[in-house]
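1. From the sequence below, what's the structure:
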Amino acid sequence: MNMRPSAIAIGVGLCLTASPFPSPLQSARAAQTGAALFADQCGTCHTLSAKDPVRQGPPLGDVYGRKVGSVKDFPYSPDFTKANFVWDSKTLDAYLTNPSAMFADSYMSYQQPDPTIRAQVIEYLKQQAPLYAKAGQ
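-> Numbers count the residues shown, from 1 in each chain. I've put the predicted structure just below:
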């Protein structure tokens, strides 16, 4: 079998682009997209770190995996303080879709109808959680 180098390069290129696993470059772009979306979509009302001055909403650096309504001294609405679950992809997606559907007295008016944007923000928050949990916020 005598394959030309250009045919091999094309075959390797097709395999790399068709891979079901994200390349390091794709992962880095997704993280940048998530960071930009967080800043644009969430950053007006939320910080990542509890060490930053509190805004309208609680800090979200460790929200993924955190019990609902558990940021110390944050003035949550009554429904939040009664809730008994941990934030995960499913609950964050439902909340970002329509906060008042989950908590009738939610103070958050923001809704994100685009499932792609919600997924990118949630993935970004999921990536941040271990960083902020280790740092103790």
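2. List the buried residues in the helix or strand harbouring residue 80.
-> Element membership of residue 80, judged by DSSP states H and E, is helix 78-82. Across helix 78-82, burial judged by 16 or more other CB atoms under 10 Å covers residue 80. C-beta: built from backbone N, CA, C; applies to glycine.
3. And the next helix or strand past it?
-> helix 89-97.
4. Can I get that next one as CSV, trimmed to CA atoms?
-> Extracted C-alpha coordinates of helix 89-97, given in CSV (Å, rounded to 0.1, in the frame of the first residue of the first chain):
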residue,chain,number,x,y,z
SER,A,89,-27.1,20.6,36.1
LYS,A,90,-30.8,19.7,36.2
THR,A,91,-31.8,22.1,38.9
LEU,A,92,-29.7,24.9,37.6
ASP,A,93,-31.1,24.4,34.2
ALA,A,94,-34.7,24.5,35.5
TYR,A,95,-33.9,27.6,37.6
LEU,A,96,-32.2,29.5,34.8
THR,A,97,-35.1,28.7,32.5
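5. Okay, buried residues for it please.
-> 91, 92, 95, 96.
6. what does stretch 122-131 give?
-> For stretch 122-131, the neighbour count (16+ other CB under 10 Å) marks 122, 123, 124, 125, 126, 128, 129 as buried.
7. Isn't residue 127 up against residue 35?
-> No. Assessed by CB atoms under 8 Å, residue 127 is found out of contact with residue 35, at 9.3 Å.
8. measure the closest residue to residue 115 other than its chain neighbours to residue 65 for me?
-> Spatial nearest neighbour of residue 115, excluding adjacent residues (CB to CB, 6 or more residues apart in numbering): residue 93 at 7.6 Å. Going from residue 93 to residue 65 by CB to CB, to the nearest Å gives 15 Å.
9. cool, and residue 101?
-> Distance of residue 101 to residue 65, computed by CB to CB: 22 Å.
10. How about the contacts made by the residue most central in space within the chain?
-> Centroid-nearest residue in the chain: residue 122, 2.3 Å away (criterion: CA atoms, centre = their mean). Shown in contact with residue 122 (CB atoms under 8 Å, 6 or more residues apart in numbering): 64, 89, 92, 93, 96.
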